[in-house]
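Undergrad: here is a sequence with its predicted model. Questions after.
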Amino acid sequence: MKASGKGLSWNIMFLLGVLTLTVIFAAAGLPAAWLQRRLGLLSIAHMAVIGTGAYGYARVAAAAGPSVGVLAATVCGCLVGALTTSLSFRSVGEYFALSSFALQIGWYTLVSNTRALTGGMLGLAGVPRPPGSEMIGSAGATLLLLVIFSSLWILASKLFSRSWIDTGFAVIARSGELGRTLGFPERRLRLGGGLFYGSLMGIVGAATAGFVSFVSPPLFDTGGSVTVLALGFLGQRRLIFTAIGSVLIVGLPECLRLTGMGSAETAYLRLALAGIAVFLGSFVLTGKAVRQ
Amino acid sequence: MLDAIFGSVVLALIAGVAYAAAGVAIRVQWALLRGFDFFIAVSILWGAEVLIALTHRVSAPPYSLVLATGVTLGICALAGAVWNWSLASFFPVREMGGLLLLASLGFSLAMSGVVGWIRGPGLRQVVVLPSSSLLPNVPSSVSFALGIGAPLLASVFIWTRTKSGLALDLLAQNATFAREIGIERSTIAAQAGLVAGLLGGITGCYFALSSGSHPEIGLTGFLLGAGAAFVSTRRSITSALPGGILIASLQVGLQHVLAPAIATAIVFLVVLSLILTRGPDRVHESLR
């Protein structure tokens, strides 16, 4: 009876973990969808931004506490987000996608080999839990952090959509030259868009690091980037599709671990599903937008 | 000292030929479809994984490795022909570009995921390593270089002298003129796919035989191939050949002074800067 009670409790903890992971990816899909829809940029370097936020949180939270850590993660995310969109100064369309892919690979290799700062391939262990964990538990605090900041971020993006900034984004997404001709500060808009995109990505990084209590390069590999890309891709029309996609691409494979599947196999299954989503989505969902 | 220099030069040449193969394949697909085709990443992955799987099945003398490589390259070439034929049959060229990038990237990642799911993570290598030379009195490294380089040079040489090869090269250099004189991409799509799949397979076989393969090898190989394809500003398909040698020489040279992983990171940054500098030039050229 006691064992069964323990089993039930373990299952609930497991499902709560799966839910948290699903929400983490869904939250990461929001800025990815925004970047694709507003700036027309298809990035494959999402995990470089999230990962920098996570490492920033891990380092600063250990020294100054989780709240300051979240702030540091936001700043780190903003900086790398701006770096990502600054690639679009010189490359657009598929060239941007390819250069962001090179950025992701370069970031991964660099982080894996700077042991003094990032701990190398082994990463950093003992990362402090998110703020509020002592009261509502690690998963609860992570979920609360993500829900609050995602809601604020969506609200801010709605406010943007009523200003000239959104018009500027729409124009430079079509053509940088047209934007400059009409008097929009193209580079500043791209950088600003990157800062806005990176802010939530950084917080997602902090949530990830705090939830799993360690950071290592495999958490932020190209596979993860593509999963976020796929979720952003699904959320281009309606943000709710990002959440549905996250349940299907991230949640369901994680649940298969109950059948004894290993975590590495789960990650590859997630990658396969994300790949299929991008493949089918490119034909079905956004034909017109993709051509543009 | 001289031995070390000779060893490094041979190493750079072998790797350079492999990167050039991927670069030429990327250029072939670019000429035909006007976009980045990540199917090359799939053929690199299949080239590496099929070769490893075959050598795990048959453990025999070194010539079985040649046989397994032949079968692997055949599979990759056939897959390339089918892929190009499907693309050319169903989609007009004006709809390519972003669509091709996304569809092929999705397909490539799905393949990486499926391969990783089936065989698990980590590095795998061929069972029969090319340690003993196939040619008498020839060092194994030179034999290996010949084994990788000969099919590439032969296929590029034959390709550039056939009617289809010349037509594709003209498409690469001036698509409008090529269309004006009646070159239709649908007629050469399957042959171009055959060559691109074969070249991607050669790069995959190189990775399988040298450093081993992992489920993400296709994407890494694709990026290095893109670097090789972008070094030269010439539009000819074969101009990726010196690019591959240059990228590999840089990598091998840097590995002498820095840790291998840092050297690889620097090479990726060089590839990134090449994409950033060459990309807009091409866009502007095509606009003109």
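TA: Cool, the structure landed.

Undergrad: can you tell me what sits against stretch A:65-78?
TA: For stretch A:65-78, the external contacting residues (C-beta atoms under 8 Å, 6 or more residues apart in numbering or on different chains) are A:49-50, A:52-62, A:128-131, A:133, A:145, A:194-195, A:198-206, A:209-210. In this view, the C-beta of every residue, glycine as well, is placed from N, C-alpha and C.

Undergrad: which stretches of the stretch 51-200 of chain A form helices?
TA: Assigned by DSSP state H, counting those that start in this stretch, the helices in the stretch 51-200 of chain A fall at A:66-86, A:93-113, A:115-118, A:133-160, A:164-174, A:176-181, A:186-212.

Undergrad: show me what the one helix or strand residue A:275 maps to is packed up against.
TA: Under the criterion of DSSP states H and E, residue A:275 resides in helix A:263-284. On a contact count with 3 or more C-beta pairs under 8 Å, 6 or more residues apart in numbering or on different chains; DSSP states H and E, helix A:263-284 meets helix A:222-234, helix A:252-255, helix B:98-119.

Undergrad: so can I have TSV of those showing distance to residue A:26?
TA: Listed next are the helices and strands packed on helix A:263-284 as TSV, based on distance: least, C-beta to C-beta, whole Å:
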stretch	distance to residue A:26
helix A:222-234	7
helix A:252-255	13
helix B:98-119	19
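
Undergrad: what is the burial count for the closest residue in space to residue A:105 that isn't next to it in sequence?
TA: Excluding its sequence neighbours, the residue lying closest to residue A:105 (C-beta to C-beta, 6 or more residues apart in numbering or on different chains) is residue B:268, at 5.1 Å. Residues near residue B:268, counting by other C-beta atoms under 10 Å in any protein chain shown, number 25.

Undergrad: distance check, residue A:256 against chain B.
TA: The spacing between residue A:256 and chain B, counted by C-beta to the nearest C-beta, to the nearest Å, is 11 Å.

Undergrad: equivalent analysis for residue A:141, please.
TA: According to C-beta to the nearest C-beta, residue A:141 stands 31 Å off from chain B.

Undergrad: still on that earlier bit, export the helices and strands packed on helix A:263-284 to JSON lines and tack on mean neighbour count and distance to residue B:250?
TA: Listed next are those as JSON lines, based on neighbours: other C-beta atoms under 10 Å in any protein chain shown; distance: least, C-beta to C-beta, whole Å:
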{"stretch": "helix A:222-234", "mean neighbour count": "28", "distance to residue B:250": "22"}
{"stretch": "helix A:252-255", "mean neighbour count": "19", "distance to residue B:250": "39"}
{"stretch": "helix B:98-119", "mean neighbour count": "23", "distance to residue B:250": "25"}
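
Undergrad: of all those, which lies closest to residue A:189?
TA: Evaluated with C-beta to C-beta, those place helix A:222-234 nearest to residue A:189, the distance being 19.4 Å.

Undergrad: convert the C-alpha atoms of that closest one to PDB, please.
TA: C-alpha atoms of helix A:222-234 as PDB (Å, rounded to 0.1, in the frame of the first residue of the first chain):
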ATOM      1  CA  THR A 222      20.700  22.100 -32.400                       C
ATOM      2  CA  GLY A 223      17.900  19.600 -31.900                       C
ATOM      3  CA  GLY A 224      16.400  21.800 -29.200                       C
ATOM      4  CA  SER A 225      16.700  24.800 -31.500                       C
ATOM      5  CA  VAL A 226      14.800  23.100 -34.200                       C
ATOM      6  CA  THR A 227      12.100  22.000 -31.800                       C
ATOM      7  CA  VAL A 228      11.700  25.700 -30.900                       C
ATOM      8  CA  LEU A 229      11.800  26.700 -34.600                       C
ATOM      9  CA  ALA A 230       9.000  24.100 -35.300                       C
ATOM     10  CA  LEU A 231       6.900  25.500 -32.400                       C
ATOM     11  CA  GLY A 232       7.500  29.100 -33.700                       C
ATOM     12  CA  PHE A 233       6.600  27.900 -37.100                       C
ATOM     13  CA  LEU A 234       3.300  26.400 -35.900                       C
END
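
Undergrad: report all helices and strands that it contacts.
TA: Contact here means 3+ C-beta pairs under 8 Å, 6+ apart; on that basis helix A:222-234 packs against helix A:2-38, helix A:46-64, helix A:93-113, helix A:240-246, helix A:263-284, helix B:98-119.

Undergrad: can we see that at 6 Å?
TA: For helix A:222-234, the packing partners by 3 or more C-beta pairs under 6 Å, 6 or more residues apart in numbering or on different chains; DSSP states H and E come out as helix A:2-38, helix A:46-64, helix A:240-246, helix A:263-284.

Undergrad: and the pLDDT at residue 72?
TA: By default, I'm working from chain A. Model confidence at residue A:72, given as pLDDT, is 96.

Undergrad: think we crossed wires, I meant chain B
TA: Looking at residue B:72, its pLDDT stands at 90.

Undergrad: list the buried residues in the helix or strand where it lies.
TA: Residue B:72 belongs to helix B:63-90 when assigned by DSSP H and E. Using 16 or more other C-beta atoms under 10 Å in any protein chain shown as the test for burial, helix B:63-90 gives B:64-65, B:68-69, B:72-73, B:75-77, B:79-81, B:83-85, B:87-88.

Undergrad: wait, what's in contact with the nearest residue to residue A:135 once chain neighbours are set aside?
TA: Spatial nearest neighbour of residue A:135, excluding adjacent residues (C-beta to C-beta, 6+ apart): residue A:141 at 7.7 Å. Applying C-beta atoms under 6 Å, 6 or more residues apart in numbering or on different chains to residue A:141 gives the contacts A:130, A:132-133.

Undergrad: again, only using 8 Å
TA: Contacts of residue A:141 (C-beta under 8 Å, 6+ apart): A:129-133, A:135, A:210.

Undergrad: where does pLDDT dip in chain B?
TA: Along chain B, the parts satisfying pLDDT under 70 run over B:1-2, B:58-63, B:91-98, B:127-149, B:151, B:155, B:158-159, B:279-288.

Undergrad: gap between residue B:157 and residue B:195?
TA: In this view, residue B:157 and residue B:195 are 12 Å apart by C-beta to C-beta, to the nearest Å.

Undergrad: neighbour count for these two, which is higher?
TA: In this view residue B:157 and residue B:195 are compared by other C-beta under 10 Å, and residue B:195 has more residues nearby, 27 against 11.

Undergrad: how many residues are close by residue B:182?
TA: Neighbour number of residue B:182 under other C-beta under 10 Å is 8.

Undergrad: next one: it from residue B:219, what distance?
TA: Applying C-beta to C-beta to residue B:182 and residue B:219 gives a distance of 37 Å.

Undergrad: residue A:32 too?
TA: Taking C-beta to C-beta, one finds residue A:32 at 19 Å from residue B:219.

Undergrad: do residue A:126 as well
TA: From residue A:126 to residue B:219 the distance is 32 Å (C-beta to C-beta).

Undergrad: show me which of those two is the more surrounded one.
TA: Neighbours per residue, other C-beta under 10 Å: of residue A:126 and residue B:219, the larger number sits with residue B:219, 25 against 8.

Undergrad: so who does the more buried one touch?
TA: Applying C-beta under 8 Å, 6+ apart to residue B:219 gives the contacts A:101, A:105, A:222, B:38, B:41, B:108, B:112.

Undergrad: in a markdown table: those, plus distance to residue A:113.
TA: Below are these laid out as a markdown table (distance: C-beta to C-beta, whole Å):
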| residue | distance to residue A:113 |
| --- | --- |
| A:101 | 19 |
| A:105 | 13 |
| A:222 | 17 |
| B:38 | 26 |
| B:41 | 24 |
| B:108 | 26 |
| B:112 | 23 |
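
Undergrad: closest to residue B:253 among those residues?
TA: Distances from residue B:253 to the contacts of residue B:219, taken by C-beta to C-beta, are shortest for residue A:105, at 20.0 Å.

Undergrad: residues in contact with that closest one?
TA: Neighbouring residues of residue A:105 by C-beta under 8 Å, 6+ apart: A:222, B:219-220, B:223, B:268.

Undergrad: kindly report the same for residue B:231.
TA: Residue B:231 touches B:240, B:242-243, B:246-247, B:274, counting by C-beta under 8 Å, 6+ apart.
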